[in-house]
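Engineer: any chance you could fold what I've pasted below:
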Amino acid sequence: MKAAPFAYHRPASVADAVGLLGEYGDEAKILAGGQSLVPMLAMRLTHFENLIDISRIEELRNIELRDGAVRIGAGTPHALVGMDDEVAESVPLLTLSTPHIGHFQIRTRGTLGGAIAHADPAAEYAAVALALDAEIEATSARGSRRIPASEFFTGLWETSLAPDEMLTAVTFPAWSGRTGFSVQEFARRHGDFAIAGATVAVQLGGDDVVTRCGIGLLGMGSTPERGTAAEQAVVGRAVSDISADEVGRLAVAELADVPADLQGTASYRTKVCATMVARAWSQATTEALHD
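Structural biologist: Modelled structure (predicted):
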């Protein structure tokens, strides 16, 4: 199939892009790398009267360390995120997540901002944003605002962005000290969307007590999910007193709308996700203990 007709716009700056969004509103859609949007348009799963191509706006392609956090421009390709030394040092979950995103051709064209704005429940970067309490920068002609990742994802492929706003950057806190990170996911084939998966970050204090923990879940609802019950259960306890199976079980215990589809039943997906969380927890804590 082919996409339905649309008007194509290629703004030269963020100001021009948000000006177009302000003009066309709900009838416009941002096109970044196009790795998710273009197939949907071609299959006529969605349609917009106006596409605003931001792929050549250089001010959206940047990675910088700011006040103990890493700010990544929305137009930065996955491949650049995955190979950046600053990201690897400060936000290892992004580096670990990148190889799981599609194939290298997709990682070359797809962008961090596009992946998060698309709000796919199986998206790796979205799960990382939740686990690390990232902030999403939204810009319109009215100005900019920051949205906590916990408030950004509102439904399947839906976010809290207003019709005249575009995602311009994401800021990820940099964890320091004795820390460990892991990404584990299960898919039919490498590069396929994850049936279930987990991103885990853990920080240890004295006596190997957990001082902070973030758990993002892939493919477990209509939005990216967070293993809040497991996070709360492990903080303040020594790693030696916590079993990986316990963390996995608690991470999925409160999920209410686990999807069932041709990939598996809700029960199957829940069991797989618990296993992915347990594996990620084991790997992350082992790394932190040896840090």
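
Engineer: please make it C-alpha for all contacts and neighbour counts, starting now.
Structural biologist: OK.

Engineer: can you list the domains in the chain?
Structural biologist: Here the domain parsing of the chain from the TED database is 7-53, 61-173, 179-290.

Engineer: what number of residues lie near the nearest residue to Glu135 once chain neighbours are set aside?
Structural biologist: Excluding its sequence neighbours, the residue lying closest to Glu135 (Cα to Cα, 6 or more residues apart in numbering) is Pro148, at 4.6 Å. Using other Cα atoms under 10 Å, the number of residues around Pro148 comes to 16.

Engineer: what residues are up against Pro148?
Structural biologist: 133-136 (Cα atoms under 8 Å, 6 or more residues apart in numbering).

Engineer: in TSV: the domains of the chain, plus mean pLDDT.
Structural biologist: TSV is the format used below for those (pLDDT from 0 to 100):
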stretch	mean pLDDT
domain 7-53	92
domain 61-173	96
domain 179-290	96
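
Engineer: returning to what we had before: out of the contacts of Pro148, who's nearest Glu27?
Structural biologist: Ile136 (22.8 Å; Cα to Cα).

Engineer: how close does the closest one sit to Ala280?
Structural biologist: As defined by Cα to Cα, to the nearest Å, Ile136 lies at a distance of 25 Å from Ala280.

Engineer: which of the contacts of Pro148 count as buried?
Structural biologist: Burial by neighbour count, 16 or more other Cα atoms under 10 Å: within the contacts of Pro148 this picks out 133-136.

Engineer: out of those residues, who's nearest Asp85?
Structural biologist: Out of the buried ones among the contacts of Pro148, the member with the shortest distance to Asp85 (by Cα to Cα) is Ala134, at 19.2 Å.

Engineer: out of everything not next to it in sequence, what's closest to that closest one?
Structural biologist: Distance criterion Cα to Cα, 6+ apart; nearest residue to Ala134, sequence neighbours excluded, is Phe172 at 4.6 Å.

Engineer: please, which helix or strand holds the one you found?
Structural biologist: Secondary-structure assignment from DSSP states H and E places Phe172 in strand 166-173.

Engineer: give me the contact list for that strand.
Structural biologist: Taking Cα under 8 Å, 6+ apart as the rule, strand 166-173 contacts 18, 30, 60, 68-75, 91, 113, 117, 129, 132-140, 161.

Engineer: the helix or strand just after that strand - contacts with which helices or strands?
Structural biologist: Using DSSP H and E, the helix or strand that follows strand 166-173 in sequence is strand 178-186. Helices and strands touching strand 178-186, by 3 or more Cα pairs under 8 Å, 6 or more residues apart in numbering; DSSP states H and E, are helix 92-97, strand 196-204, helix 266-289.

Engineer: now do the longest one: distance to the chain's middle.
Structural biologist: Which is helix 266-289. 18 Å (Cα atoms, centre = their mean, to the nearest Å).

Engineer: CA atoms of it as PDB?
Structural biologist: What follows is helix 266-289, C-alpha atoms only, in PDB (Å, rounded to 0.1, in the frame of the first residue of the first chain):
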ATOM      1  CA  ALA A 266      -1.100 -12.300  29.100                       C
ATOM      2  CA  SER A 267      -0.100 -15.000  31.600                       C
ATOM      3  CA  TYR A 268       2.800 -16.100  29.300                       C
ATOM      4  CA  ARG A 269       4.000 -12.500  28.800                       C
ATOM      5  CA  THR A 270       3.900 -11.900  32.600                       C
ATOM      6  CA  LYS A 271       6.000 -14.900  33.300                       C
ATOM      7  CA  VAL A 272       8.500 -13.900  30.600                       C
ATOM      8  CA  CYS A 273       8.700 -10.400  32.000                       C
ATOM      9  CA  ALA A 274       9.300 -11.600  35.600                       C
ATOM     10  CA  THR A 275      12.200 -13.700  34.300                       C
ATOM     11  CA  MET A 276      13.700 -10.800  32.400                       C
ATOM     12  CA  VAL A 277      13.500  -8.600  35.500                       C
ATOM     13  CA  ALA A 278      15.100 -11.300  37.600                       C
ATOM     14  CA  ARG A 279      18.000 -11.700  35.100                       C
ATOM     15  CA  ALA A 280      18.500  -7.900  34.800                       C
ATOM     16  CA  TRP A 281      18.400  -7.500  38.600                       C
ATOM     17  CA  SER A 282      21.100 -10.200  39.000                       C
ATOM     18  CA  GLN A 283      23.300  -8.700  36.400                       C
ATOM     19  CA  ALA A 284      22.900  -5.100  37.600                       C
ATOM     20  CA  THR A 285      23.600  -6.000  41.300                       C
ATOM     21  CA  THR A 286      26.600  -8.100  40.400                       C
ATOM     22  CA  GLU A 287      28.000  -5.100  38.500                       C
ATOM     23  CA  ALA A 288      27.300  -2.800  41.400                       C
ATOM     24  CA  LEU A 289      28.900  -5.100  44.000                       C
END
